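Visitor: Quick one: sequence and predicted model below, then my questions.
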Amino acid sequence: MLTIERVSRRFGGVYANQDVTLTVAEGELRGIIGPNGAGKSTLFNLIAGHIRAESGTISLAGRRIDRLPAHARARRGVGIVFQGARVFPGMSLLANVMVGAHAHTRAGVVAAALRLPSQRREERAIRAQAEDCLSRVGLLDWASRPAEGLPLGQQRRLQVARALAGLPRVLLLDEPASGLRAAERQELAELIGELRRDGTTILLVEHDVGLVTSLAERITVLDLGRVIADGTPSEVTSDPAVIKAYLGTGASHATDR
Amino acid sequence: MTELVAYLISGIALGSSFALIGSGIVVVHRVTRVVNFAQGSVAIVGGMASATLLDGRLPHGLGEIAAVLLSGVLGLVIGLLAIGRRGTPPLISLIVTLGASMLVSAAIIWLWGQDPVTPPGLRGSVTILGAEVERQRLLVVVATGVAFAALALFFSRSYLGKGLTASASNPFAARMVGIDVRKMGLLAFGLAGILGGLAGVLIAPSNPLSFYSDLPLVLGGFAAAVFGGLTSPLRTLLGGLCLGVAGQLTAGYLNGSYQTEMALLLMLVIMIIRSRALVQEEVK
């Protein structure tokens, strides 16, 4: 589904990503882990289209997306959940999610401006779909409240709902657990597990090794911009190169499970 | 009393044009963070074009609509110049709109000459509370009300309106859900052109326009927009109306040549009072 081939990107002469290659199969939940500075965020931003790769290719469902601007990648099916607060303040939760769905609608500019019947039907369908997405993340009861002032955990969930509304081919989660309390973290893990069971293809970039090993079926480990291991959770956590990369506080953590 | 009513109504009519021009500034600023100073020139082109089109070429109604649409196209062209290149800083875009405004003024002199132009409007007048009021001024007020209602519907109901709102609310997140924020910015410029053109078309029959009318118009519009915190079209409407009424009262009771200075003074006062809100807006 998502193919990343020999992707490199430097910042000031230093490789943030060097010859990174990985393939995410349809319906797979792939974890990306690595110690601080491993290049996880760079890889994420390269896929999202926030920064461009210097070399290498990124393809989604067989079509290259690495030269497209971010919004065009989103339309091709890259659904994104950022760790920062990236909701639309001043709009209701439902409106936030509907915007996510709208970007993929077919009604043309004229139809949308004139509110033709076709567009009104589509609007109803979008509303229903947005409500469905909100209910999947457990926020339907708050559909009409404004998005600002929402606790961090719920903002993440809202972003998940918004991304789902765009019918993504692959859902990119950027450190979804960061800054969350233990209970919120548990809820998030359950949500990701549910999405996975529904057949959503997910790329989970996460600092919390425990969370990733408990959810992902395959894990790619980055260190200093390179892929140093790729395999099942038990394979990578027992890999000497991975243990070495995590030496220090992370070493015991990585081998815990 | 009669005098006062006459000043109030002509003030509301003039203020309506400020509000339309100002809401165009707001629409563009919300999405692009660019202050579009070409709004005044676009309004004049709208007024002048309607005069030319109505001069035996098109019937009433059609001529005005064509002039408004033409202004929309002009607004879009100015948008292409100002933000067409990806990543142009808002400050540079602002300078581009100033430059575009000067170019448009030159084009106005070239096409229509230097003398004020007055397109035919609604003839006759009605008596309200003893005051003679031109029908055209009433048309301005009604048309502005309709335009603002349509604008509110557009933003709350249509996909494009929501896309514009989302782009204004969080451009980064908007891109992430597949909204082409630059396209939305261009759309905002086009919409601003339509609003500015509408202002020009409506106001020209009772306030003759010439190439140098752009400064009072854009200043009035900008002051109204600042009253709306550069974000709220509704408060811009309110600001425009206050400004128009204050201006007409000044012109009526003091001196007509103080009108622009009055707008400037009010703008300064509003900006100083509202500077906190504006800064907070920027931080957001």
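Guide: Done, it's in. Numbers count the residues shown, from 1 in each chain, chains lettered A, B, ... in the order given.

Visitor: Would you mind listing what in chain B touches chain A?
Guide: Chain B comes close to chain A at residues B:154, B:157-160, B:162-163, B:165-166, B:169-170, B:172-181, B:284, as judged by Cβ under 8 Å from any Cβ of the partner chain. For every residue, glycine as well, the C-beta is placed using N, CA and C.

Visitor: how much space is there between the residue nearest to B:T260 when sequence neighbours are not counted and A:E217?
Guide: Among residues not flanking B:T260 along the chain, B:P216 sits closest, at 4.6 Å (Cβ to Cβ, 6 or more residues apart in numbering or on different chains). Per Cβ to Cβ, to the nearest Å, B:P216 is found 68 Å from A:E217.

Visitor: B:A51 now?
Guide: Separation of B:A51 from A:E217 (Cβ to Cβ): 71 Å.

Visitor: Check B:D55 too.
Guide: Going from B:D55 to A:E217 by Cβ to Cβ gives 75 Å.

Visitor: circling back: looking at B:P216 and A:E217, which is more packed in?
Guide: Taking other Cβ atoms under 10 Å in any protein chain shown, B:P216 and A:E217 do not tie; B:P216 has more neighbours (19 against 13).

Visitor: and that one, what element?
Guide: Element membership of B:P216, judged by DSSP states H and E, is helix B:214-227.

Visitor: list the helices and strands that helix packs on?
Guide: helix B:2-32, helix B:39-54, helix B:90-112, helix B:181-203, helix B:233-253, helix B:259-283 (3 or more Cβ pairs under 8 Å, 6 or more residues apart in numbering or on different chains; DSSP states H and E).

Visitor: tilt between that helix and helix B:39-54?
Guide: 120 degrees (axes from the mean of the first three to the mean of the last three Cα atoms, to 10 degrees).

Visitor: Can you give me the buried ones in helix B:214-227?
Guide: B:214-227 (16 or more other Cβ atoms under 10 Å in any protein chain shown).

Visitor: likewise stretch B:72-91?
Guide: The neighbour-count check on stretch B:72-91 (16+ other Cβ under 10 Å) flags B:G72, B:L74, B:G75, B:L76, B:V77, B:I78, B:G79, B:L81, B:A82, B:I83, B:G84, B:T88 as buried.

Visitor: could you redo the residues you listed as TSV and give each row pLDDT and secondary structure?
Guide: Putting the buried residues of stretch B:72-91 into TSV (pLDDT from 0 to 100; DSSP: H, G, I helix; E, B strand; the rest coil) gives the following:
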residue	pLDDT	secondary structure
B:G72	96	helix
B:L74	96	helix
B:G75	96	helix
B:L76	96	helix
B:V77	96	helix
B:I78	96	helix
B:G79	95	helix
B:L81	94	helix
B:A82	93	helix
B:I83	92	helix
B:G84	88	coil
B:T88	86	coil
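
Visitor: I'd like to know which of those residues is nearest to B:V140.
Guide: Ranked by distance to B:V140 (Cβ to Cβ), the buried residues of stretch B:72-91 are led by B:G72 at 19.0 Å.

Visitor: Spit out the contact partners of that closest one.
Guide: B:G190, B:L191, B:G193, B:I194, B:G197 (Cβ atoms under 8 Å, 6 or more residues apart in numbering or on different chains).

Visitor: what's downstream of the host helix or strand of A:E184, the next helix or strand?
Guide: Applying DSSP H and E as the criterion places A:E184 in helix A:182-197. Under the assignment DSSP H and E, the closest C-terminal helix or strand after helix A:182-197 is strand A:202-205.

Visitor: other SSEs contacting that next one?
Guide: Applying 3+ Cβ pairs under 8 Å, 6+ apart, one finds that strand A:202-205 contacts strand A:29-33, helix A:40-48, strand A:170-174, helix A:182-197.

Visitor: Quick one, which of those gets closest to chain B.
Guide: Distance to chain B, taken as Cβ to the nearest Cβ, is lowest for helix A:40-48 among those, at 7.0 Å.

Visitor: Any residue of the closest one touching chain B?
Guide: Yes. On the criterion Cβ under 8 Å from any Cβ, helix A:40-48 is in touch with chain B at A:A48.

Visitor: Give me the angle between that helix and strand A:29-33.
Guide: With the same axes, to 10 degrees defining the directions, helix A:40-48 sits at 140 degrees from strand A:29-33.

Visitor: Setting aside sequence neighbours, what's the nearest residue to A:R75?
Guide: B:G178 (4.2 Å).

Visitor: To what extent is that neighbour buried, counted in neighbours?
Guide: Residues contacting B:G178 under the criterion other Cβ under 10 Å number 26.

Visitor: Show the model's pLDDT score for it.
Guide: Turning to B:G178, the model gives it a pLDDT of 86.

Visitor: Surely it is in contact with A:G166?
Guide: Yes. The pair formed by B:G178 and A:G166 meets the contact definition of Cβ atoms under 8 Å, at 6.2 Å.

Visitor: Now chain B against chain A: closest residue?
Guide: Residue nearest to chain A within chain B: B:G178 (3.2 Å; Cβ to the nearest Cβ).

Visitor: how far away is that residue from A:T232?
Guide: In terms of Cβ to Cβ, B:G178 sits 34 Å off from A:T232.

Visitor: Could you do B:L265 as well?
Guide: 73 Å.

Visitor: go on, B:G40?
Guide: For B:G40, the distance to A:T232 - Cβ to Cβ - is 67 Å.

Visitor: Now residue 241. Nearest residue, chain neighbours left out?
Guide: Just going to use chain A. Leaving aside its sequence neighbours, A:A241 sits nearest to A:I228 (Cβ to Cβ, 6+ apart; 4.8 Å).

Visitor: my bad, chain B
Guide: Counting by Cβ to Cβ, 6+ apart, B:L241 lies nearest to B:G15, which is 4.0 Å off, once chain neighbours are set aside.

Visitor: contacting residues for that neighbour?
Guide: Taking Cβ under 8 Å, 6+ apart as the definition, contacts of B:G15 comprise B:G220, B:A224, B:G240, B:L241, B:C242, B:L243, B:G244, B:V245, B:G247.

Visitor: who wins for neighbours among the residues you listed?
Guide: The most crowded member of those, judged by other Cβ under 10 Å, is B:A224 (34 neighbours).

Visitor: List the contacts of that residue.
Guide: Counting by Cβ under 8 Å, 6+ apart, B:A224 has contacts B:G15, B:F18, B:A19, B:I21, B:G22, B:S23, B:T236, B:L237, B:G239, B:G240, B:L243.

Visitor: can you check B:G40 too?
Guide: B:I21, B:S101, B:G196, B:S213, B:D214, B:L215, B:P216, B:L217, B:V218, B:L219, B:G221.

Visitor: ok, now how distant is it from A:L150?
Guide: From B:G40 to A:L150 the distance is 41 Å (Cβ to Cβ).

Visitor: same thing with A:G79?
Guide: Separation of A:G79 from A:L150 (Cβ to Cβ): 19 Å.

Visitor: before we move on, what about B:A143?
Guide: To A:L150, B:A143 is 40 Å away according to Cβ to Cβ.

Visitor: Same check on B:L187?
Guide: From B:L187 to A:L150 the distance is 29 Å (Cβ to Cβ).

Visitor: Have a look at those two and say which one is more surrounded.
Guide: A count of neighbours by other Cβ under 10 Å puts B:L187 above the other of B:L187 and A:L150, at 23 against 20.

Visitor: Now for that one: which residues touch it?
Guide: Per Cβ under 8 Å, 6+ apart, neighbours of B:L187: B:L160, B:L164.
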